[in-house]
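Sequence and predicted structure, then a few things I'm wondering about:
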Amino acid sequence: MGNNPSREKQGTKSSKCRTTLTPFNSTVSLNSSKAGIINRFKTTNRHKKSVSLVQQPFEESTLNSLHAVSQPTFEAPSIDKYTDSQMTLLSNNSSQVESMHTSSNSYSTLNTHMSENEMARAYSSEMMLKELYLLCETSPERIKDRDRRHRQHYLLKRIWGSNYRIPLVDPTLIIDWCCTTAAWDIELAIEFPNSKVIGIDYESATVASLNTSVKNFSFQNAMIHQGETGLNVIENNQVDYIVMRDVWLVNCPVSKWTNLFEEVLRILKPGGYIEIYEQDTNYKSVGPYLSILEGWADIFYEAIKLDRNTNNQLGSLLKDSGFINIQHEYKELPLGEWPEDKESKETGYLQKDFTERGLREAKRWLCKFNNVSEKEYAHVMTRALDECEDYKTYIRSLYFSAQKPS
């Protein structure tokens with residue numbers, strides 16, 4: 001299952017952060033804004049400090065056939081080098097943000113006596129979200145998830161240059177579906193003080209309570225992990241603009257995207273916009289250790305009925321749902337500091353850091369579904385991230401926009 005045809009293994013592709021903009025159904029081509037990178041960025045001493053979790057690398061035979069061994073919990077060191085100045089945007093309001101508590105008694109897991117086949121049949125993305133969001137609000141898993149989501153907001157702003165890319169003039173109602181920490185919502189509410197901004201999500205996914213001085217922002221709870229959208233309470237033809245960012249996991253299988261787009265089309269005003277920011281789930285130019293991780297991910301994705309190619313097909317789904325003026329754009333982002341120029345190097349560091357945080361969060365599920373020890377997972381993950389520098393690994397950040405017919 002790890003041999004995904006869309007995955008480019010062990011390549012030497014050199015790439016800056018590149019952009020391609022096409023109307024839907026047009027041929028998408030990869031055009032570099034500058035000449036290809038000639039010399040790979042040399043690994044720094046800082047990078048060397050976290051190169052390996054064990055003294056000796058796996059033997060070739062072990063790399064080809066990893067086996068599960070019961071090991072004590074092992075946590076690899078986290079990267080903490082680059083701090084974006086924008087990350088302090090909400091710090092002045094931190095005293096206004098209160099903690100809410102969700103009973104840890106609500107946390108439920110799969111029957112540990114299930115066979116692997118029974119587990120695969122019984123599992124779903126809803127169960128995964130429930131395992132995460134019904135944890136205690138102050139649990140390490142919840143804190144790490146909110147931190148990663150908050151960092152993602154500023155990473156997306158860096159990649160795409162702004163909070164939105166559609167022509168937005170004097171909107172009256174804006175919705176952020178799956179708003180997570182609501183950093184985007186607060187910034188839009190400040191930019192458009194005469195507009196009402198609503199963030200929709202499962203309550204535990206957000207910065208708890210969201211008590212801010214921004215009066216035109218409000219939060220609406222929706223049991224996303226139970227299949228709710230929260231859009232049913234919005235009347236027809238009321239919304240100027242709705243945004244979705246990194247919602248691929250809550251929208252699998254693909255039928256959830258279709259149902260969601262039907263609801264969005266209903267609530268948008270004629271001529272209203274939808275924007276979607278996603279990430280391709282297929283890495284490009286990968287090395288052997290990242291290939292192992294991708295194979296483990298394939299097993300889990302099969303269980304939650306995720307098709308890796310869905311994110312690249314959102315244009316088709318939007319068209320089939322009745323949207324018009326569909327635009328698709330993507331940027332190729334380096335994983336690591338291998339590009340030559342400073343801006344791409346920093347973007348590559350941030351993207352790699354965000355990827356590492358996501359892989360750490362995924363550990364509990366990938367280990368469970370692949371019968372892999374946490375120590376083994378940590379070792380493979382670290383080596384996979386390290387080899388991104390040598391293989392010039394990159395990934396695509398995807399963007400879609402569309403309008404409701406007037």
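Yep, it's here.

Averaged over its residues, which helix or strand of the protein has the lowest pLDDT?
Sorting the helices and strands of the chain by mean pLDDT, DSSP states H and E puts helix 45-48 at the bottom, at a mean of 35.

so where's the stretch 1-150 of the chain shaky on pLDDT?
1-137 (pLDDT under 70).

For this structure, which segments are assigned as helices?
45-48, 60-64, 116-122, 125-133, 140-160, 183-191, 255-267, 288-303, 314-320, 342-370, 374-391 (DSSP state H).

Just put those helices in TSV and tack on distance to Gly336.
Quick note: C-beta positions are derived from backbone N, CA and C, even for glycine. As requested, the helices of the chain are arranged in TSV below (distance: least, CB to CB, whole Å):
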stretch	distance to Gly336
helix 45-48	9
helix 60-64	21
helix 116-122	33
helix 125-133	27
helix 140-160	15
helix 183-191	26
helix 255-267	31
helix 288-303	11
helix 314-320	27
helix 342-370	5
helix 374-391	4
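
Distance to Ala402 and mean neighbour count added to those, as JSON lines?
Formatted as JSON lines, the helices of the chain follow (distance: least, CB to CB, whole Å; neighbours: other CB atoms under 10 Å):
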{"stretch": "helix 45-48", "distance to Ala402": "41", "mean neighbour count": "11"}
{"stretch": "helix 60-64", "distance to Ala402": "44", "mean neighbour count": "10"}
{"stretch": "helix 116-122", "distance to Ala402": "34", "mean neighbour count": "12"}
{"stretch": "helix 125-133", "distance to Ala402": "24", "mean neighbour count": "19"}
{"stretch": "helix 140-160", "distance to Ala402": "17", "mean neighbour count": "18"}
{"stretch": "helix 183-191", "distance to Ala402": "19", "mean neighbour count": "22"}
{"stretch": "helix 255-267", "distance to Ala402": "9", "mean neighbour count": "17"}
{"stretch": "helix 288-303", "distance to Ala402": "26", "mean neighbour count": "20"}
{"stretch": "helix 314-320", "distance to Ala402": "5", "mean neighbour count": "19"}
{"stretch": "helix 342-370", "distance to Ala402": "26", "mean neighbour count": "19"}
{"stretch": "helix 374-391", "distance to Ala402": "33", "mean neighbour count": "22"}
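
what's the distance between the closest residue in space to Pro171 that isn't next to it in sequence and Arg360?
Leaving aside its sequence neighbours, Pro171 sits nearest to Asp240 (CB to CB, 6 or more residues apart in numbering; 3.7 Å). Separation of Asp240 from Arg360 (CB to CB, to the nearest Å): 37 Å.

do the same with Leu314
For Leu314, the distance to Arg360 - CB to CB - is 27 Å.

Equivalent analysis for Tyr154, please.
Distance of Tyr154 to Arg360, computed by CB to CB: 19 Å.

Enumerate every residue touching the residue nearest to Ile234 when sequence neighbours are not counted.
In space, and not counting its chain neighbours, Ile234 is closest to Ile267: 4.4 Å by CB to CB, 6+ apart. Residues in contact with Ile267 (CB atoms under 8 Å, 6 or more residues apart in numbering) are Ile175, Leu231, Ile234, Glu235, Asn236, Asn237, Gln238, Val239, Ile242.

swap in Glu191?
Asn163.

Quick check: pLDDT value at it.
If you check Glu191, the pLDDT there is 97.

same deal with Met223?
For Met223, the model assigns a pLDDT of 80.

how much space between the nearest residue to it once chain neighbours are set aside and Arg308?
In space, and not counting its chain neighbours, Met223 is closest to Tyr202: 6.3 Å by CB to CB, 6+ apart. Taking CB to CB as the measure, Tyr202 falls 25 Å from Arg308.

Compare these two and say which is more crowded by neighbours.
Tyr202 (23 against 17; other CB atoms under 10 Å).

My guess is the more buried one contacts Phe219. True?
No. Under the criterion of CB atoms under 8 Å, Tyr202 makes no contact with Phe219, lying 10.8 Å away.

Now for the residue found closest to Ser321 once you drop the neighbours it is linked to in the chain: which residues touch it?
With sequence-adjacent residues excluded and distances taken as CB to CB, 6+ apart, Ser321 is closest to Phe261, at 3.8 Å. If a contact means CB under 8 Å, 6+ apart, then Phe261 has Ile274, Leu317, Leu318, Ser321, Phe323 as its contacts.

could you dump those residues to CSV with distance to Asp298 and pLDDT?
Putting the contacts of Phe261 into CSV (distance: CB to CB, whole Å; pLDDT from 0 to 100) gives the following:
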residue, distance to Asp298, pLDDT
Ile274, 30, 98
Leu317, 22, 97
Leu318, 27, 98
Ser321, 28, 97
Phe323, 31, 98
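
which among these gets closest to Asp390?
Closest approach to Asp390 among those (CB to CB): Leu317, at 36.6 Å.

measure Phe192 to Trp184 for me?
12 Å.

Where does pLDDT dip in the stretch 201-350 of the chain?
204-212, 225.

Could you report the neighbour count for Ser401?
Using other CB under 10 Å, Ser401 is surrounded by 22 other residues.

same thing with Gly322?
Gly322 has 12 nearby residues by other CB under 10 Å.

Quick check: closest non-adjacent residue to it.
The spatially closest residue to Gly322, leaving aside those adjacent along the chain, is Leu265, at 5.5 Å (CB to CB, 6+ apart).
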